[in-house]
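> Just the structure for this:
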Amino acid sequence: MKLSEIKIAEWFLRIALSAGFLSASADRFGMWPKEVSAWGNWQNFVNYTKILTPAAPDSLVPFLAYTATGLEIALGILLLTNFKTNWVAKASSTLLLLFALSMTFSTSIKTDQCIL
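Residues are numbered from 1 along each chain as shown. Alright, predicted model coming up:
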């Protein structure tokens with residue numbers, strides 16, 4: 001592969017990851033129609049955060065929800081820039097790993113639990 005092809009693939013990957021982060025955040029604020037929404041509103045997302053963090057005290061759950069959303073929005077925007085690309089990529093992968101681990105250990109890899 002040529003360097004230009006690698007750069008194009010990198011940009012497509014960054015755009016796709018950014019779209020995923022920003023779309024999920026928009027869903028939490030009710031910006032997507034109900035038919036295509038996973039959470040639909042902030043309270044549903046906070047409830048789901050509680051499911052993913054069963055050991056966290058109830059008073060800490062909203063903070064965790066705000067933190068996850070803030071990081072997704074910030075990283076989603078930064079992925080579309082050339083600002084500290086390597087650091088942003090590592091932070092994004094770490095955030096996704098934390099999401100995957102919390103989902104795996106709190107609901108299992110195969111679950112019949114609905115998000116809402």
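> Give the burial count for N86, as a bare number.
Neighbourhood size, N86 [other C-beta atoms under 10 Å]: 7. Backbone N, C-alpha and C define where each C-beta goes, glycine included.
> my bad, T85
Neighbour tally, T85, other C-beta under 10 Å: 13.
> do you know how far E10 is from I77?
17 Å (C-beta to C-beta, to the nearest Å).
> er, L22 I mean
On the measure of C-beta to C-beta, L22 and I77 end up 8 Å apart.
> What residues of the lengthiest helix in the chain count as buried?
Ranked by number of residues, the top helix in the chain under DSSP state H is helix 3-28. Across helix 3-28, burial judged by 16 or more other C-beta atoms under 10 Å covers 14, 17-18, 21-22, 24-25, 27-28.
> Which elements pack onto that helix?
helix 42-52, helix 61-78, helix 85-107 (3 or more C-beta pairs under 8 Å, 6 or more residues apart in numbering; DSSP states H and E).
> Export those as JSON lines, with columns for distance to E5 and mean pLDDT.
Converted to JSON lines, these look like this (distance: least, C-beta to C-beta, whole Å; pLDDT from 0 to 100):
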{"stretch": "helix 42-52", "distance to E5": "38", "mean pLDDT": "94"}
{"stretch": "helix 61-78", "distance to E5": "24", "mean pLDDT": "97"}
{"stretch": "helix 85-107", "distance to E5": "18", "mean pLDDT": "92"}
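> Compare the ones you listed and report which one is nearest to M1.
Closest of the helices and strands packed on helix 3-28 to M1 is helix 85-107, at 18.6 Å (criterion: C-beta to C-beta).
> For that closest one, name the packing helices and strands.
helix 3-28, helix 42-52, helix 61-78.
> For the most centrally placed residue in the chain, give me its contacts.
Residue closest to the mean C-alpha point of the chain, counted by C-alpha atoms, centre = their mean, is F21 at 4.8 Å. Contacts for F21 were tallied using C-beta atoms under 8 Å, 6 or more residues apart in numbering; they are 72-73, 75-76, 79, 92.
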